[in-house]
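Peer 1: got a structure for you, letters missing:
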């Protein structure tokens, strides 16, 4: 079978996710510089980064609903324009409040990325390929995190940190031109063959697949809460790595702006492997005849166990020992994330997927708001001792896995709309 156009769409999702993460990670890269120049305390820095998370959280609720109503082509275009302008506006901030406001607007715009990407995957891929597709586009988070420490320090040291926000913010407009030129829905896209469209639609029809599923129906479903827990406990850890890892390396090992690239590139290159590998792993289990439930949960449990040793990172004797621990944890997080995102399309019909992702991502972002505020206060109180923070990071995923299993022991389809509560999950299809 030739490579279908759906993988071009997946590549577009990868690129927009890369751009999304460049715009959000730049603050973490520049944090030690900004903190020294603007005299921020740890708590003030926590306020700036949590302002992004707070608006990101509420943005998810609106973004998921909006994408389900107007579609991903228009929805993504609106979101990318909004967050690119917000990213550029950060260059003109002068005070802590100004930075917080710019980051809040960035969070509002960027909240559409993951609901839109998951909805796009649900529309373009059969279930057996969705975890791999999610893993590929989710690898953009790590690619963005690799590009940022290569690009941003050079811009900041050459032209000043304000130009770093302007240049990276403008990248979104380049992606927007590609998206508008290349994207249409699969049913009307001229480059999608009849054979590929049949492959995309090869899953059995979903019972109860209707439009306009209310939030009330969604929040009453245990499956919604299972997905939300997977985001609530894991997302704050990833954001801790994104925003605080450069500060941790600076505080613990004296790594400055010009030296950040090597350790961060290692962390996020390894994380890229985890993102794609985690999606591939559960898909490989399904191809071997495993149920979706067994495949997803086995992959997620393995990743949760791999993350536990990261609790020892602050006690590592050397920089590279700490980097190794965090790298494994980052890779396992991305593998976990690829599978958690796929749970939404496993348990809900397509018209509800973006709304469910929005609800779960809201939970994850609100967890991030709380965790970032607590992190700043803990570090201010104990002299930048990161040990208790990393301990929480190490145990979060195994806790989340246990709760997910209790809430959705079989990953059965959610009883929303007209779907019967006992609707059985069809067996997995062979590879096309």
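Peer 2: In hand now; what should we look at? This one's a predicted model, so the numbers in the text were calculated from it and none came from an experiment.
Peer 1: centre of the chain versus the helix or strand hosting residue 283, how much separation?
Peer 2: Mapping residue 283 onto the secondary structure by DSSP states H and E places it in helix 261-287. Going by CA atoms, centre = their mean, to the nearest Å, the spacing between the C-alpha centre of helix 261-287 and its chain's C-alpha centre is 13 Å.
Peer 1: tally of neighbours for the nearest residue to residue 304 once chain neighbours are set aside?
Peer 2: Closest residue in space to residue 304, ignoring its immediate chain neighbours: residue 397 at 3.8 Å, by CB to CB, 6 or more residues apart in numbering. In short, each C-beta sits where N, CA and C put it, glycine included. As a burial measure, residue 397 scores 27 neighbours (other CB atoms under 10 Å).
Peer 1: give the contact list for residue 397.
Peer 2: Residues touching residue 397, when contacts are defined by CB atoms under 8 Å, 6 or more residues apart in numbering, comprise 233, 234, 237, 303, 304, 307, 332, 333, 336.
Peer 1: before we move on, which element is the closest residue to residue 255 other than its chain neighbours in?
Peer 2: Distance criterion CB to CB, 6+ apart; nearest residue to residue 255, sequence neighbours excluded, is residue 249 at 4.0 Å. Counting by DSSP H and E, the element that carries residue 249 is helix 222-253.
Peer 1: pLDDT (mean, whole number) over that helix?
Peer 2: Helix 222-253 shows a mean pLDDT of 92.
Peer 1: how far off helix 261-287 does it point, in degrees?
Peer 2: Computed with axes from the mean of the first three to the mean of the last three CA atoms, to 10 degrees, the direction of helix 222-253 lies at 150 degrees from that of helix 261-287.
Peer 1: returning to that earlier point: report all helices and strands that the helix holding residue 283 contacts.
Peer 2: Helices and strands in packing contact with helix 261-287 are listed as helix 127-159, helix 222-253, helix 292-307, helix 319-347; criterion 3 or more CB pairs under 8 Å, 6 or more residues apart in numbering; DSSP states H and E.
Peer 1: need the residues that contact the shortest one.
Peer 2: Spelled out, that is helix 292-307. Judged by CB under 8 Å, 6+ apart, the contacts made with helix 292-307 from elsewhere in the structure are 127, 131, 230, 274, 278, 281-283, 285-286, 290, 328-329, 331-333, 335-336, 339-340, 342-343, 346, 393-394, 396-398, 400-401, 404-405, 409-411, 425, 428.
Peer 1: switch the cut-off to 6 Å
Peer 2: 281-282, 285-286, 328-329, 332, 335-336, 339, 346, 397-398, 401, 410-411 (CB atoms under 6 Å, 6 or more residues apart in numbering).
Peer 1: what's the most distant pair in those residues?
Peer 2: Set against one another by CB to CB, these have their most distant pair in 328 and 410, with a gap of 30.1 Å.
Peer 1: which of those two has more neighbours?
Peer 2: The residue with more neighbours, out of residue 328 and residue 410, is residue 328; 19 against 14, by other CB under 10 Å.
Peer 1: picking up where we left off before, what helix or strand is the residue nearest to residue 304 on?
Peer 2: Under the assignment here (DSSP H and E), residue 397 is part of helix 387-407.
Peer 1: what residues are up against the spatially closest residue to residue 396 that is not a sequence neighbour?
Peer 2: Residue nearest to residue 396 in three dimensions, not counting chain neighbours: residue 233, with 4.6 Å by CB to CB, 6+ apart. Applying CB under 6 Å, 6+ apart, we find residue 233 in contact with 396, 399, 400.
Peer 1: I'd like to know which of the residues you listed are buried.
Peer 2: In terms of neighbour count (16 or more other CB atoms under 10 Å), the buried residues within the contacts of residue 233 are 396, 400.
Peer 1: okay, the contacts of residue 233 in a markdown table with pLDDT and distance to residue 53 next?
Peer 2: Conversion of these to a markdown table gives the following (pLDDT from 0 to 100; distance: CB to CB, whole Å):
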| residue | pLDDT | distance to residue 53 |
| --- | --- | --- |
| 396 | 97 | 16 |
| 399 | 97 | 20 |
| 400 | 97 | 18 |
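Peer 1: tell me the one of the contacts of residue 233 nearest residue 388?
Peer 2: Of all the contacts of residue 233, the one with the least separation from residue 388 (CB to CB) is residue 396, at 12.9 Å.
Peer 1: and residue 42, how far from residue 311?
Peer 2: Separation of residue 42 from residue 311 (CB to CB, to the nearest Å): 21 Å.
Peer 1: again, but for residue 376
Peer 2: Per CB to CB, residue 376 is found 20 Å from residue 311.
Peer 1: who has more neighbours, those two?
Peer 2: residue 376 (22 against 19).
Peer 1: now the more buried one: how far from residue 48?
Peer 2: If you measure residue 376 against residue 48 using CB to CB, the figure is 10 Å.
Peer 1: check residue 404 too.
Peer 2: Here the distance between residue 404 and residue 48 works out to 32 Å (CB to CB).
Peer 1: returning to that earlier point: a markdown table for the contacts of residue 397, including distance to residue 324?
Peer 2: Supplementary listing: the contacts of residue 397 in a markdown table, determined by distance: CB to CB, whole Å:
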| residue | distance to residue 324 |
| --- | --- |
| 233 | 24 |
| 234 | 21 |
| 237 | 17 |
| 303 | 17 |
| 304 | 19 |
| 307 | 13 |
| 332 | 13 |
| 333 | 15 |
| 336 | 19 |
